[in-house]
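> next come a sequence and a model predicted from it.
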Amino acid sequence: MAASMTVFKLIYRNPITWLLLLCLAVIAIYLPGVNGPFVFDDFHNLAPLENGINDFTSWKQFVFSGGSATGRPLVFASFTLNAQSWPADPFAFKLTNILIHCLNCVILFFFLRNLVTRVNQGTAASQNNTIALLLTFLWAVSPLHVTAIYMVVQRMTLLSGTFVLLAMWYYTSSLNKHSSFTLKEAALLVLALAGFGLLGILSKETAVLLPLFLFTLNYTLYRDTQFISPTVTRFVNYSLLLFPFAFLFISLFIFGKRLDGLWEVRDFTMSERVMTELRILLDYLHSILIPSVSSSSLYHDDIVVSKGLFEPISTLISLLVILALLVAQFIFRKKQPLLTLGIVWFFGGHLLESTVLPLELYFEHRNYIPMLGVVFIIMHLIVMIKDSHAPKVVAFLYAGVIGFVTCLITPSWKSELVLFNTLALDKPKSVRAQLEAARVWLYDMGSPLSAQKFIQTAVDNKPLSTSANLRLLHVKCYILDGEPAIQDLSLFKKTDFTYGATLPIANVIELKERDRCQGLENKRLIQAIENLIVNPKFQLSATQEYLNGLLAKALLIDKQYNASIAKADLAFSINPNPSWLLVKLENLLATNDLAAAKRIVQEIEFLKSGNQRSMSDMEEEKLATIQAFLAEQE
């Protein structure tokens, strides 16, 4: 009996036991959404799997198919463990993400335990384990991790976080053992950290912030650590601090033209983005500390862009609050190092994704590692009151409430219909949320009238949204009765430009080519495209090419052959895309000009040779059919 009690106590007091229970709790919380849909960039990044993974060559081709600066090959390699073809079942992808998150929880525990041990010296190890475990649980169940786990492609964030956390664990373990380092010890430490950093960057470029995170530790909890000599120590700290900034400026220089192209498709400028991010950073903090069921969302296009410090006034208020926090950390950096660590870590962790790069404004998963800044501040509050269990009890209850909120969110990810209906209700002013719900009701549920209601909500909230208004025209293909979807099509002369907004036109044309769009007259489609072409916000050359090419297709459907050829030629003059020659070819066949049609076929084949230009599978089939027809006429 005594032996059994001894074994029980050993198991009970072993932190590994509680870590396993924590991981089981995390799995239980996130399991309801594991069968949910692929979303957002999942399709773009996983689509190359449609070629299949049959041998090493095809595996290598997929692994290095990423379009970012590094290609993120470690993440793409991990995708091949879940599927070797596309379309695929999302279950294995999302379960893997959950397991990676659990692994990160384990690593985080040991990292946090090192920090607690550092600031809580003289306290029993069991108490430090308890604090580290509570804080790990608090971080693990945050609703802001929902999109990082359920968006399959955000395995990039998870894996990058894995290597950053491993580096922090290793670094703090080394610093807890040594207050000074010889040349050999410092060299080994640098090599290990460089290895973790490289693996992190090959998962996602945000791992380049690792040196900044190391600096925050040296700046706060490990100020007395010496590397070889005081001079070398100062050099190390300055290097760690400057490295991420140098990376950012070098990236802006190297990828300047590419970034300029991205700014062109954004509806905000660099200065507007920086000002808006001031408000967003405080919103992140609010969502971390006081989460709600709507804290996690895929869509944030309803955010008002800051046009100046006073427009809206919350921009100036946010700037003042952030400046106050940064001043506070400097004042308390020696007496309250954990407080300083938390503030610098959080804002430093957003240096890349929340400043001058032309990224989307808001994503919760950007807080995956920066959120630890808030955890450090909570650690400070717990450690500050050493002789009482009250802070730990409050932290446990607080983590339980946060976990409960996450439990309310995860079931909404179980299916496309539930997910996008929920997002549309939570985000009535988000055009994306309304249009995605409309897509599900139109294609999956076969209810164009229900889809139309969601689209109309988007239009009502943002009357100048090009994508929402074009979707009204698109859904009209399926509704034969009633008034025209849009009374005055001149609206399109002043609607807003957003990337991909003109996709509904291509959908309508595809339906009309198959004679499946009876509810929308050809002339109204043509008029809408013509108005977009003269819209001052749609004057980018690539946009003009695409719109004129679509107009050529619409005119062909309306049997205005000469006008269609003229627009196809105009699109081709902007960019020699064989797709526009194919439109011209169809016009020539319709007018029975076979000699000219044969010349166009030869020109298309020339453009396609050497993979200079490609066409869609549907266009390839259409071309093959035309070639067969022309061959029969000889």
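Arrived safely, thanks for sending. These numbers come from a predicted model, not from an experiment.
> how many other residues sit next to L419?
Other residues near L419 come to 22 when the count uses other CB atoms under 10 Å. Glycine gets a C-beta too; all of them are placed from N, C-alpha and C.
> so is it in a helix, a strand, or just coil?
Secondary structure, DSSP: H, G, I helix; E, B strand; the rest coil: L419 is helix.
> ok, it to F376 distance?
Distance, L419 to F376, by CB to CB, to the nearest Å: 33 Å.
> cool, and T315?
Distance of T315 to F376, given as CB to CB: 27 Å.
> looking at the two, which is more packed in?
Legend: neighbour count by other CB under 10 Å for T315 and F376, higher for F376 (25 against 22).
> can you confirm the more buried one is in a helix?
Yes. The assignment for F376 by three-state DSSP puts it in a helix.
> excluding chain neighbours, what is closest to it?
G342 (3.7 Å; CB to CB, 6 or more residues apart in numbering).
> now that neighbour: which helix or strand?
Element membership of G342, judged by DSSP states H and E, is helix 337-348.
> which residue packs closest to A83, ignoring adjacent ones?
Nearest one to A83, counting by CB to CB, 6+ apart, is L49 at 6.1 Å.
> what secondary structure does the one you found sit in?
Per three-state DSSP, L49 ends up helix.
> neighbours of it, how many?
Neighbour count for L49, taken as other CB under 10 Å: 21.
> the residue nearest to Q336 when sequence neighbours are not counted and A324: what is the separation?
Ranked by CB to CB, 6+ apart and with sequence neighbours excluded, the top spatial neighbour of Q336 is H380, at 6.6 Å. Using CB to CB, we find H380 at a distance of 18 Å from A324.
> now do N97
37 Å.
> between those two, which has more neighbouring residues?
Neighbours per residue (other CB under 10 Å) separate N97 from A324, with N97 holding more: 26 against 10.
> so the more buried one is in which element?
helix 90-119.
> do the same with Y546
Using DSSP H and E, Y546 sits in helix 541-557.
> what sits up against that helix?
Applying CB atoms under 8 Å, 6 or more residues apart in numbering, the external contacts of helix 541-557 come out as 497, 502, 505-506, 509, 512-513, 522, 525-526, 529-530, 532-533, 538, 561, 563-565, 567-568, 570-571, 574-575, 577, 579-580, 583-584, 586-587, 590.
> now swap in stretch 580-591 and tell me
With CB under 8 Å, 6+ apart as the contact definition, stretch 580-591 has outside contacts at 549, 552-553, 556, 559, 561, 564-565, 568-569, 571-572, 594, 596-597, 600-601, 603-604, 607, 615, 619, 622-623, 626, 629.
> same deal with stretch 625-634?
L585, E586, L589, L594, A597, K598, V601.
> mind checking how far that stretch is from the chain centre?
47 Å (CA atoms, centre = their mean, to the nearest Å).
> low-confidence stretches in the stretch 501-634 of the chain?
Residue ranges of the stretch 501-634 of the chain with pLDDT under 70: 610-613, 634.
> show me where it has helices.
503-513, 522-533, 541-557, 561-574, 578-590, 594-608, 617-633 (DSSP state H, counting those that start in this stretch).
> same check on the stretch 101-250 of the chain?
Ranges of helices in the stretch 101-250 of the chain, per DSSP H, counting those that start in this stretch, are 125-140, 146-150, 155-177, 183-201, 210-219, 230-254.
> of those helices, which is nearest A458?
In terms of CB to CB, the element of these nearest to A458 is helix 146-150, at 21.3 Å.
> give the other helices and strands that the closest one contacts.
helix 15-30, helix 90-119, helix 155-177 (3 or more CB pairs under 8 Å, 6 or more residues apart in numbering; DSSP states H and E).
> out of the contacts of helix 541-557, which are buried?
For these, a neighbour count by 16 or more other CB atoms under 10 Å gives the buried set as 497, 502, 505, 509, 512, 525-526, 529-530, 532-533, 538, 561, 563-565, 567-568, 570-571, 574, 577, 579-580, 583-584, 586-587.
> give the buried residues for stretch 420-430.
By neighbour count with 16+ other CB under 10 Å, stretch 420-430 contains the buried residues F420, N421, T422, L423, A424, D426, K427, K429, S430.
> re the thing from before, take the helices and strands packed on helix 146-150 and write them to CSV, including mean pLDDT.
Listed next are the helices and strands packed on helix 146-150 as CSV, based on pLDDT from 0 to 100:
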stretch, mean pLDDT
helix 15-30, 91
helix 90-119, 94
helix 155-177, 94
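> so where's the stretch 201-350 of the chain shaky on pLDDT?
Scanning the stretch 201-350 of the chain for pLDDT under 70 picks out 295.
> format the CA atom coordinates belonging to stretch 371-379 as CSV.
Written as CSV, here are the backbone C-alpha positions of stretch 371-379 (Å, rounded to 0.1, in the frame of the first residue of the first chain):
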residue,chain,number,x,y,z
MET,A,371,1.4,36.5,-27.3
LEU,A,372,4.1,35.2,-24.9
GLY,A,373,4.7,38.8,-24.0
VAL,A,374,1.4,38.9,-22.3
VAL,A,375,2.2,35.5,-20.6
PHE,A,376,5.4,37.1,-19.2
ILE,A,377,3.5,40.0,-17.7
ILE,A,378,1.1,37.5,-16.1
MET,A,379,4.1,35.6,-14.8
